[in-house]
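J.: Any chance you can model this:
(chains A, B, C and D)
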2 protein chains.
Amino acid sequence: MHYDIPVPPTRQPRSATPEKRRRIIDAAERIMIRDGYAAVTSRRVEAECGIKLHYHLGSLDDLFIAVVRRHGQASIDLLADALASPAPLGAWWRLVSDQRGNTLLVELTAAANHRPAMKAEVATFAREVRRMQVEALETILDRYRIDRRLFPPALVAAAVQGLAFSMAHDQVSGFATGHEEASAAMSRLIEHFEGPSHK
Amino acid sequence: MHYDIPVPPTRQPRSATPEKRRRIIDAAERIMIRDGYAAVTSRRVEAECGIKLHYHLGSLDDLFIAVVRRHGQASIDLLADALASPAPLGAWWRLVSDQRGNTLLVELTAAANHRPAMKAEVATFAREVRRMQVEALETILDRYRIDRRLFPPALVAAAVQGLAFSMAHDQVSGFATGHEEASAAMSRLIEHFEGPSHK
DNA sequence: CATAAGTTAGAACGATCGCTCTAAGTTAAC
DNA sequence: GTTAACTTAGAGCGATCGTTCTAACTTATG
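T.: The predicted structure follows:
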């Protein structure tokens, strides 16, 4: 498959190995966001971070999966914090409105389209994220007196995620025509339920 | 740049040239949906449709732009019909829920990320689509007695588009966990405004 | 300092890429 | 049937790809 991963770690690596893996994944994310997933090649990643890819991380496929795993886990952690906050809708909305995160999500989705192992990994995290959102919404919707027959958690979850995604896409496309209006309306909507606490 | 495009059309092409362009673009779309945009290479497109790409259509960049233009124009036409129908929300929702169309949209968005000319073209169509939706919603929201202060057209447009996108993504990921519930809820929501006419 | 492990530079392999070009069909027009 | 335009097959160019491998460099450990 690839190089012998340091088998017997009898000795301390020159500089921390996890740190090197981290920097490789950082580089891959930057390239993916800046130039698209197809620009993530072994040579370019190595040029971006100055670390040997295959020696430390394995194949390109392994790298893509590592990116998914790290970004996915970070998303889950942030989401958990947001949903546990006193104004969960606002916190969640801010989290999901992150431009960089949405761009990365498009690229990961497209890249996973023809990398089966990666696709499975993406699906795993997407499922967990959705599960957390639905679970949190069970409580939130009741608290805010929202009709759960018309707006079940699964629908609201998909809507919020999709709305943020759609708005991020529009903004990237360079036409923020309706973007500011929609963004302001979303803020008002959240204020309507949670008060002006969020920014 | 590329081959001399038939400059003086003094004579009838062997078989209709527009037809050949169409079949090339068809092949590109199929490959893009099946294997991702990075799999759309000149050799693979030619193998898929048996027509010389550079001779009839120019460079790969020209091909991507042609795909955007055709798909974009088709989307605009379908959207115009949907919004003009007696139950515009239902028709719009059905249109935007198309699996194939959403997959293609992800790929086009990601591909445009590092093809400047293509990006501009995508933005043009996205802007027009959004403009049409907002214009139609100005009327629709009033007709259905929806509070336009809380739900302005720009917000509703982004939400519907994003919701469909999000649900398509979930389904592609292979976890339809909340998908059916969300889909059913959306249908109920539309019925609530437009009656059970749509399916 | 010596030594052995960790790490990298860079060549190399076969494959594929976008694109161009030439030679050979193939068909419409006369 | 000739001729000239339309079209394709296929070779070829320089570039880049993923991956492997070897030789050299660097550093932790003794």
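
J.: now the helices for chain A?
T.: Here chain A has its helices, by DSSP state H, at A:17-35, A:42-49, A:53-56, A:60-84, A:88-96, A:99-112, A:116-143, A:153-172, A:179-194.

J.: Give me the distance from the fifth one to the chain's centre.
T.: Same thing as helix A:88-96. 14 Å (Cα atoms, centre = their mean, to the nearest Å).

J.: related to what we said a few turns ago, find the one among the helices of chain A with the highest mean neighbour count.
T.: helix A:153-172 (a mean of 24; mean count of other Cβ atoms under 10 Å in any protein chain shown). Heads up, the C-betas are built off the backbone N, CA and C, glycines and all.

J.: shaky segments in chain A?
T.: In the predicted model of chain A, residues A:1-14, A:174-177, A:197-199 satisfy pLDDT under 70.

J.: Quick check, residue A:132 in contact with residue A:80.
T.: Yes: look at residue A:132 against residue A:80 with Cβ atoms under 8 Å: they come within range, at 6.7 Å.

J.: returning to what we had before: which one of the helices of chain A lies nearest to DNA strand C?
T.: When the helices of chain A are compared by Cβ to the nearest atom of the strand, helix A:53-56 sits nearest DNA strand C, at 4.1 Å.

J.: The closest one close to DNA strand C?
T.: Yes: legend: contact between helix A:53-56 and DNA strand C by Cβ under 7 Å from any atom of the strand is shown at A:55, A:56.

J.: elements contacting that helix?
T.: helix A:17-35, helix A:42-49 (3 or more Cβ pairs under 8 Å, 6 or more residues apart in numbering or on different chains; DSSP states H and E).

J.: rerun that using 6 Å as the cut-off
T.: Counting contacts by 3 or more Cβ pairs under 6 Å, 6 or more residues apart in numbering or on different chains; DSSP states H and E, helix A:53-56 packs against helix A:42-49.

J.: And the helix it packs on, what does it pack against?
T.: helix A:17-35, helix A:53-56.

J.: Indicate whether the shortest one makes contact with DNA strand D.
T.: Yes: looking at helix A:53-56 against DNA strand D by Cβ under 7 Å from any atom of the strand, the contacts come from residue A:54.

J.: Centre of the chain to that helix, how far?
T.: 24 Å.

J.: where does chain A come near chain B, residue by residue?
T.: Residues of chain A lying close to chain B (Cβ under 6 Å from any Cβ of the partner chain) are A:35-36, A:38, A:106-107, A:109-110, A:113-114, A:123, A:126-127, A:130, A:134, A:150, A:152, A:154-155, A:158-159, A:161-163, A:165-167, A:173-175, A:178, A:181-182, A:185, A:189.
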